[in-house]
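Q: Below: sequence and its predicted model.
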Amino acid sequence: VHNIFLATTPLAVVHNVCKDVKWEGINFRLRMYEKFFRELREAPGRKDVLYYVADGLDIFFNDMSEVTGVSRDGRQASDSGSLAEEQAVATAKLIAERYEVIAAPGGGQPRKPIVASTERLCGWGGAKICSEADEALYPDAPTDSKYLNAGGYLGPAQELSEMISAVLQLKSMAVGEHKEKGQNSDQYYFKLYYWDHQDRIALDYNQSIFGNFLEIVNKPCESDWAR
């Protein structure tokens, strides 16, 4: 999935924070994310830049066809470097616009700095499914894709740094049932963070930014996951 993402993303800047670094397990990527965003947070410069995280497992950008592929005058994106650059800027602008719609929906609702991807399966790595009590912690949603998917999220460096640091702390301090549940997946700890910080995270219920490979049929398969 990561190679497909790199080959197809229309965005010009992609930071692979785990490239050419020895893999040390599922928590390793979070530590690399935390280091990347902490350095950005501490560096001088603009603080209003939006950053997206896609973990390369099951997340991709959803339909961006209105600004990618073919220009208004019929040119293909591969026809010229200038067109590719033009469409990269247009895609970034479209993602930012969709982010604002989700983060600040209006109607008196507070603005939330982080937008996270969603899925139709309430669970986490290793085919672990939410209990009824877990499901009750999620708010009502306009679509079936009402559950957080920790594979993709978008926001300013400061907010992403704080979230990732908190998730790492939750995992490092976990004991008993929480430690067992999150043994093979960081998504469980992202869910814990989300449940306690719904004022900071908006979910992309309509998947206007992020799509994922779990959005097919919510039913068991031979691998004990969804197909």
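A: Now that the structure is in, tell me what you want to look at. On a predicted model such as this, the values are computed, not experimentally measured, just so you know.

Q: could you pull out the strands for the protein?
A: The residue ranges that make up the strands of the chain, judged by DSSP state E, are 50-54, 59-61, 114-119, 123-124, 128-129, 147-156, 201-203, 210-212.

Q: Those into a markdown table, with extra columns for mean neighbour count and distance to residue 172?
A: Just so you know, the C-beta spots here come from the backbone N, C-alpha and C atoms, and that holds for glycine as well. As requested, the strands of the chain are exported to a markdown table (neighbours: other C-beta atoms under 10 Å; distance: least, C-beta to C-beta, whole Å):
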| stretch | mean neighbour count | distance to residue 172 |
| --- | --- | --- |
| strand 50-54 | 20 | 20 |
| strand 59-61 | 21 | 25 |
| strand 114-119 | 25 | 21 |
| strand 123-124 | 22 | 17 |
| strand 128-129 | 16 | 20 |
| strand 147-156 | 24 | 17 |
| strand 201-203 | 23 | 21 |
| strand 210-212 | 23 | 27 |
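
Q: looking at these, which has the lowest confidence?
A: Mean pLDDT values for the strands of the chain show the minimum at strand 59-61, a mean of 65.

Q: From residue 199, how far out is residue 139?
A: Counting by C-beta to C-beta, to the nearest Å, the separation of residue 139 from residue 199 is 11 Å.

Q: what's residue 205 sitting at in phi/psi?
A: Note on residue 205: backbone dihedrals following degrees, to the nearest 10 are phi -60, psi -40.

Q: right, and it touches residue 145 too?
A: Yes - the pair formed by residue 205 and residue 145 meets the contact definition of C-beta atoms under 8 Å, at 5.8 Å.

Q: More neighbours: which of the two?
A: In this view residue 205 and residue 145 are compared by other C-beta atoms under 10 Å, and residue 145 has more residues nearby, 22 against 15.

Q: in the sheet, who's paired with the residue positioned nearest the centre of the chain?
A: Among the residues of the chain, residue 152 comes closest to the average C-alpha position under C-alpha atoms, centre = their mean, at 1.2 Å. Note on residue 152: beta-bridge partners residue 54, judged by DSSP bridges.

Q: quick one, what contacts it?
A: For residue 152, the contact set (C-beta atoms under 8 Å, 6 or more residues apart in numbering) comprises 52, 53, 54, 55, 59, 116, 117, 209, 210, 212.

Q: for residue 31, same thing?
A: Listed by C-beta under 8 Å, 6+ apart, the contact set of residue 31 reads residue 168.
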